[in-house]
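**Q** can't give you the sequence, but here's the structure:
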């Protein structure tokens, strides 16, 4: 068996964002400013690729200090007792050269669930310094209550303050590591 190819995370060209419906009328966007990811594969075509990610929960940002504080509290992520969100892929199914589905185990607040994301492979390219890079766009949705994020408030007009569905989007770039 050949050596696996390792791809290191490029934090300056990557992001993880989320959107949650507020008051049932608009989406509020946030991001995680600190996270790490890795990718290993059997070959340059990313055959049998395995992705792992760790997100620093204290880095959550919605551009509102009060809301960020509430999200870090025991009502939501309980950052004092839960430092990270973890993801490890279990399979990747390619539909064509660019599109596929990434499945894996997502752990939030000690609760692990199988999740699925649409994955777009942007390709592999060399930067001006000769580094080989691979790019991906990821999109999906999870139900936050599946992971113990159950805080909410009922609205007198019906509905709830915060949707259970969380839309997740990521742009991730990796740098091929020397063998």
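**A** That came through fine. Keep in mind it's a predicted model, so treat the numbers as computed, not measured.
**Q** ok, what's across the strand from residue 51?
**A** When assigned by DSSP bridges, residue 51 has beta-bridge partners residue 39.
**Q** just checking, it touches residue 88?
**A** Yes - if you go by CB atoms under 8 Å, residue 51 and residue 88 touch, sitting 7.5 Å apart. Placement of C-beta: from N, CA and C, glycine included.
**Q** end-to-end on stretch 93-100?
**A** Using CA to CA, to the nearest Å, one end of stretch 93-100 lies 5 Å from the other.
**Q** circling back: now do the shared contacts for residue 51 and residue 88.
**A** residue 104 (CB atoms under 8 Å, 6 or more residues apart in numbering).
**Q** what are the buried residues along stretch 165-172?
**A** Neighbour-count burial for stretch 165-172, with 16 or more other CB atoms under 10 Å as criterion, is recorded at 166-170, 172.
**Q** and those residues as CSV, adding distance to residue 27?
**A** Below are these laid out as CSV (distance: CB to CB, whole Å):
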residue, distance to residue 27
166, 10
167, 8
168, 12
169, 11
170, 17
172, 22
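**Q** now intersect these with the strands, please.
**A** Members of these lying in strands (criterion: DSSP state E): 166-170, 172.
**Q** what would these look like in TSV with pLDDT?
**A** Below are those laid out as TSV (pLDDT from 0 to 100):
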residue	pLDDT
166	88
167	94
168	95
169	96
170	96
172	94
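**Q** tell me which of those residues is nearest to residue 123?
**A** The nearest member of these to residue 123, counting by CB to CB, is residue 172 at 13.1 Å.
**Q** mind checking how far the closest one is from residue 127?
**A** 15 Å (CB to CB, to the nearest Å).
**Q** tell me, how many residues neighbour residue 127?
**A** When neighbours are defined as other CB atoms under 10 Å, residue 127 has 12 of them.
**Q** cool, residue 87 as well?
**A** Residues contacting residue 87 under the criterion other CB under 10 Å number 23.
**Q** I'd say it and residue 105 touch.
**A** Yes - with contact defined as CB under 8 Å, residue 87 counts as touching residue 105 (7.1 Å).
**Q** wait, isn't residue 114 in contact with residue 90?
**A** Yes - the criterion here is CB under 8 Å, and residue 114 meets it with residue 90 at 7.2 Å.
**Q** more neighbours: these two, which one.
**A** Taking other CB under 10 Å, residue 114 and residue 90 do not tie; residue 90 has more neighbours (13 against 10).
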